[in-house]
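*Asks:* quick one, structure for this:
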Amino acid sequence: MFKIIARLPRRWNSQSASKVPPVRRISLLSTLFVSASLATAGYFIGKREITKNPPEDLFPWSSTTNLEKIGSPIYATDEELKVAVEDIKNAVGEDHVKESVVEITAHSDNGFTPHPPKPHEKPRYVVYAFSTEEVSSIMKIAHKYNVPVVPYSGGSSLEGHTFSTRCGIVLDTSRMNKVLRINHDDLDATVQAGVGWMDLNEHLTNEKLMFGCDCGPSGLIGGMVNTNASGVNASRYGAMVHNVVSLTVVLADGTIIKTRQRPRKTSSGYNLTGLFIGSEGTLGIVTEATVRLHVKPSHETVAVGQFPSVTAASKTVAELFRKGIRPEAIELLDEDMMHCTNYSGQLTKKWLEVPTIFFKVGGHNKVVVDETLQIIKKVSLENKCADFIIAKNKNEGEELFQARKNAFFSILDYGKNEIDENVRLWVTDIAVPLSKLPKVVDEIRALIDRSGFKSVILGHVGDGNLHADLFYTPDQLHECHKVINEITMIGLRNEGTASGEHGIGNGKRTFLAYELGQEAVDTMRKLKLALDPKRILNPDKIFKIDPQDRGEF
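*Replies:* Have a look, this model is predicted:
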């Protein structure tokens, strides 16, 4: 052993270095060159491999995105949210940002939606924007810090679209209320998102023009675009999708896009306008819209027909359509709704409490309008209409139709006085083919009769859109929800839709797969992730974006 140790020093002794082969020395420059070459090669090889086989959770290879294939979104912490809000204050002004209890409460409940946020879901801040550029600045900051943003305009949503499910900010565009331009010769107008449809029509009064889409009185253009709203005039003028030419939209990362130019038709690229209409603020924030205008009818009147049954009323409408008669509005009120109308005292006349249709007929030639009314009257009487009245003058016509426009408040007034002072109203929104309407109404009435809830039924019968509205008290919420769900399923089983004009929000997400199929929902989710991969825009609306979401919103 000692002999081996004794030999080691001789082996590595510096004096014997001449006996060891010389070592090649590599310069520092050569080392850096080799390292850079290897790194570059590794980068391109890795990039090629990721492109060829992307990680499924980050870059799904399929054309659709199943919920279980993605991870949960990661949103800003409380501290990150505070930093983001400070940046927003610096960008748009401290006076744009509100956090008082009054502001938070006002943006968390509108008094009639059954889908308000739970306490832990309420927003922390409300941010008001006054221009597209401000919305862009706000979204750039929100995107940087992963802050959830809920777009908000009129706040009249019935399905929870404008209410927070994640602690973040509400971006309120209601103060973006300028009519930017009216193009008389082209019959269109460009407006900001916070312009109300009623305000726009007031603005157009002297121009003898009108905007055709007339939803609830508090509807603003931005929200109407988001839900593809319609209204009582839909029979003639259609929904928002038929009345929007182009949009200015701010995307999740703050990018500003215009979906198209102003011609009435185009074959240039994807229909981005249609993509954003009805997207409920989940793909981008609408800041401006160019909308179609119509020449206001110089002659307009209202007629009312009272029928022995919904079947007779529906048959009348179907026959009128086959004759090419398309009134501006065709509104059906069942006997219970007519009782509420009589109860409200809004009309000087007391009506028979039977299924009733309110017809609004307009045109630019009085002779044509009168002839149209006579055709409507003839077809109505052939279908056993018990009473058919035509307004004698403009004032009487406005009075008659105002009763329909104020129906929601007439219903609430009746409910609070005759049912319970704490009563609330749950509004459904199915739409079915007109031929299915009598059968659907019969099924719904039978269901409601079995349930014991009081209700009214009204709708835009011209496009098969039906609102079966149930009265309930807070302690009946769970049972009422069951009945509402079954009403929606009745519509779907009859080739209908869960929502004719109110949208999906977080209240009807369950029904989307029943209506369209899971593959269609997964396709929507794919589009969502393409435009908003951080999932910060109006989270949890229309469909689930989080596999941990159990639907308890």
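*Asks:* start to end distance for stretch 250-264?
*Replies:* Terminal residues of stretch 250-264 lie 23 Å apart, using CA to CA, to the nearest Å.
*Asks:* show residues contacting that stretch.
*Replies:* 132-133, 135-140, 143, 183, 186, 188, 245-249, 266, 268, 272-273, 275-276, 283-285, 287, 290, 531-534, 536-537 (CB atoms under 8 Å, 6 or more residues apart in numbering). For glycine as for every other residue, the C-beta is placed from the backbone atoms N, C-alpha and C.
*Asks:* my read is that A403 contacts T341, right?
*Replies:* Yes. Counting by CB atoms under 8 Å, A403 does reach T341; the two are 5.2 Å apart.
*Asks:* what touches both of these two?
*Replies:* L347, S410.
*Asks:* before we move on, back to that, out of the contacts of stretch 250-264, which are inside strands?
*Replies:* Using DSSP state E, the subset of the contacts of stretch 250-264 located in strands is N183, D188, V245, S246, L247, T248, V249, I285, T287, T290.
*Asks:* which one of those residues sits in the busiest neighbourhood?
*Replies:* I285 (30 neighbours; other CB atoms under 10 Å).
*Asks:* including distance to M198, could the ones in strands among the contacts of stretch 250-264 go into CSV?
*Replies:* Shown next, in CSV, are these (distance: CB to CB, whole Å):
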residue, distance to M198
N183, 21
D188, 18
V245, 20
S246, 22
L247, 21
T248, 22
V249, 24
I285, 23
T287, 20
T290, 19
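*Asks:* which members of these are the farthest-apart pair?
*Replies:* N183 and I285 (24.3 Å; CB to CB).
*Asks:* count of residues packed around the spatially closest residue to V249 that is not a sequence neighbour?
*Replies:* Spatial nearest neighbour of V249, excluding adjacent residues (CB to CB, 6 or more residues apart in numbering): G284 at 3.9 Å. By other CB under 10 Å, the residues close to G284 number 28.
*Asks:* could you do A239 as well?
*Replies:* So A239, with other CB under 10 Å, has 24 neighbours.
*Asks:* using the three-state scheme, assign the residue nearest to it when sequence neighbours are not counted.
*Replies:* Excluding its sequence neighbours, the residue lying closest to A239 (CB to CB, 6+ apart) is S230, at 3.8 Å. Counting by DSSP: H, G, I helix; E, B strand; the rest coil, the backbone at S230 sits in coil.
*Asks:* all helices of the stretch 151-300 of the chain, in order?
*Replies:* Along the stretch 151-300 of the chain, counting by DSSP state H, counting those that start in this stretch, helices occupy 197-204, 221-227, 234-237, 272-276.
*Asks:* chain center to the second one: distance?
*Replies:* This means helix 221-227. Here the centre of helix 221-227 is set off from its chain's centre by 7 Å, with CA atoms, centre = their mean, to the nearest Å.
*Asks:* output the contacting helices and strands for it.
*Replies:* Here helix 221-227 touches helix 197-204, strand 285-292, going by 3 or more CB pairs under 8 Å, 6 or more residues apart in numbering; DSSP states H and E.
*Asks:* nearest to I70, out of the ones you listed?
*Replies:* strand 285-292 (23.0 Å).
*Asks:* mind listing the strands that closest one pairs with, and their directions?
*Replies:* Each strand paired with strand 285-292, and its direction, by DSSP bridges: strand 188-192 (antiparallel), strand 244-250 (antiparallel).
*Asks:* pull the residues that contact it.
*Replies:* 129, 131-132, 135, 139, 149, 151, 171, 173, 176, 180, 187-193, 200, 211-212, 221-222, 225-226, 242-250, 262, 276, 537.
*Asks:* swap in 6 Å and give it another go.
*Replies:* With contacts defined as CB atoms under 6 Å, 6 or more residues apart in numbering, strand 285-292 is touched by 132, 135, 151, 188-190, 192-193, 221-222, 225, 243-250, 262.
*Asks:* what sits up against stretch 388-396?
*Replies:* T301, V302, A303, V304, G305, L373, K377, S380, G397, L400.
*Asks:* cutoff 7 Å now
*Replies:* Stretch 388-396 has contacts (CB atoms under 7 Å, 6 or more residues apart in numbering) with T301, V302, A303, V304, G305, L373, K377, S380, L381, G397, L400.
*Asks:* again, but for stretch 201-210
*Replies:* V179, I182, H184, F211, L293, H294, V295, K296.
*Asks:* before we move on, what about stretch 538-547?
*Replies:* Contacts with stretch 538-547, where a contact means CB under 7 Å, 6+ apart, come from 67-68, 70, 72-73, 148, 150-151, 161, 165-166, 280-282, 504-506, 509, 512, 521, 524-525, 528, 535, 549, 553.
*Asks:* out of the residues you listed, which are buried?
*Replies:* Among these, those classed as buried by 16 or more other CB atoms under 10 Å are 70, 73, 148, 150-151, 161, 165-166, 280-282, 504-506, 509, 512, 521, 524-525, 528, 535, 549, 553.
*Asks:* enumerate every residue touching the residue lying closest to D387 once chain neighbours are set aside.
*Replies:* Leaving out its chain neighbours, the residue that sits closest to D387 by CB to CB, 6+ apart is Q306, at 4.4 Å. With contact taken as CB under 7 Å, 6+ apart, Q306 is in contact with W351, L352, V354, T356, C385, A386, D387.
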